[in-house]
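# what's the 3D shape of this:
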Amino acid sequence: MPHLLTKTLFATFGLAAGVGISSLQDPQGCPAPVSATAKRVLGDLTGAKIEKETEHEITTYEIVVKGKDGVASVNVAESGELIASERQVAEASLPAAVRAAFAKKHPGAKLVRAEMVEKHSFELLFEQDGKQHGVEILPSGLVQVVGEEEEEEENEKPGEKPAEKKEGKEK
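Residues are numbered from 1 along each chain as shown. Below you'll find the predicted structure:
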C-alpha cells in the first residue's frame with residue numbers, strides 16, 4: 001500500500017505540527033546510505049517515488065517502487081538504517097494461520113491486497129531511580145510512544161498478580 005507506512009507512522013506517533021514532508025523524484029536526491037539500503041531491499045529504484053520526512057529534527061525517507069510483483073516500499077533513517085519494509089504478496093503465499101484468522105474475523109470478505117510488513121526497532125531495558133523501565137526506539141532515533149496497557153504491565157512487580165477487575169454484582 002503506497003504511503004501506508006507513512007500513514008501508520010503518523011497514526012502511531014501522533015505527529016503534531018512541525019513535521020515536514022517533501023517529495024523527491026530521483027534516488028540520487030537521497031543520502032548515499034539511504035539509496036544503498038533501498039537498493040539492497042528493493043532492487044532497481046527506477047521510477048521510485050521518494051518522500052523525505054522530518055519530524056522532531058529526525059529525517060527519514062520512504063521509497064516506493066512498482067515492480068512485476070506489485071508495490072514495495074521501505075522507510076529508511078537518514079543514516080541508512082532500515083526502519084520498515086512492505087511488499088505485496090499473493091494470497092496463496094499467505095501462511096495458513098493468517099488466511100484462517102482473516103476468514104474467521106471477516107467471514108465472506110474478499111481480500112483485495114496482502115502485504116508482508118517488517119518493522120525494525122530496538123527495545124531497551126534500563127534502570128532509573130531504582131525502577132526498571134523499557135523503551136522502544138526506531139533506528140532513526142525516534143522514540144516509540146508506550147501505550148497505557150504496557151505502562152500498567154511495566155508498573156507491576158515481579159510475581160505480583162495484575163489487579164483483578166470486578167464484574168457483576170458487589171457482595
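# downstream of the top strand by length along the chain, the next helix or strand is which one?
Assignment by DSSP state E gives strand 58-67 as the longest strand of the chain. Per DSSP states H and E, strand 58-67 leads on to strand 70-77 as the next helix or strand towards the C-terminus.
# what does that following strand contact?
1-2, 4-6, 9, 33-34, 37-38, 41-42, 58-65, 82-88, 113, 138-141 (CB atoms under 8 Å, 6 or more residues apart in numbering). For every residue, glycine as well, the C-beta is placed using N, CA and C.
# try stretch 38-49
Contacts of stretch 38-49 (CB under 8 Å, 6+ apart): 2, 23, 27, 30, 35, 61, 63-67, 72-74, 76, 82, 85.
# which ones are touching residue 85?
41, 42, 72, 73, 74, 75, 117, 118 are the contacts of residue 85 under CB under 8 Å, 6+ apart.
# burial of the second one, as a residue count?
Spelled out, that is residue 42. Residue 42 has 19 neighbouring residues, counting by other CB atoms under 10 Å.
# any idea how far residue 80 is from it?
Residue 42 sits at a distance of 14 Å from residue 80 (criterion: CB to CB, to the nearest Å).
# and for the first one?
Relative to residue 80, residue 41 is positioned 11 Å away (criterion: CB to CB).
# ranking helices and strands of this protein by mean pLDDT, which lands last?
The helix or strand of the chain with the poorest confidence is helix 4-13; it has a mean of 38 (mean pLDDT, DSSP states H and E).
# quick one: residues contacting residue 142.
Applying CB under 8 Å, 6+ apart, the residues near residue 142 are 13, 55, 56, 58, 60.
# the same query, at a cut-off of 6 Å, please.
Residue 142 makes contact with residue 58 under the criterion CB atoms under 6 Å, 6 or more residues apart in numbering.
# and it, how far from residue 127?
23 Å.
# okay, and residue 99 sits in which element?
Applying DSSP H and E as the criterion places residue 99 in helix 96-105.
# state the next helix or strand along the chain beyond that helix.
Assigned by DSSP H and E, the successor of helix 96-105 is strand 114-119.
# return the set of buried residues in that next one.
114, 115 (16 or more other CB atoms under 10 Å).
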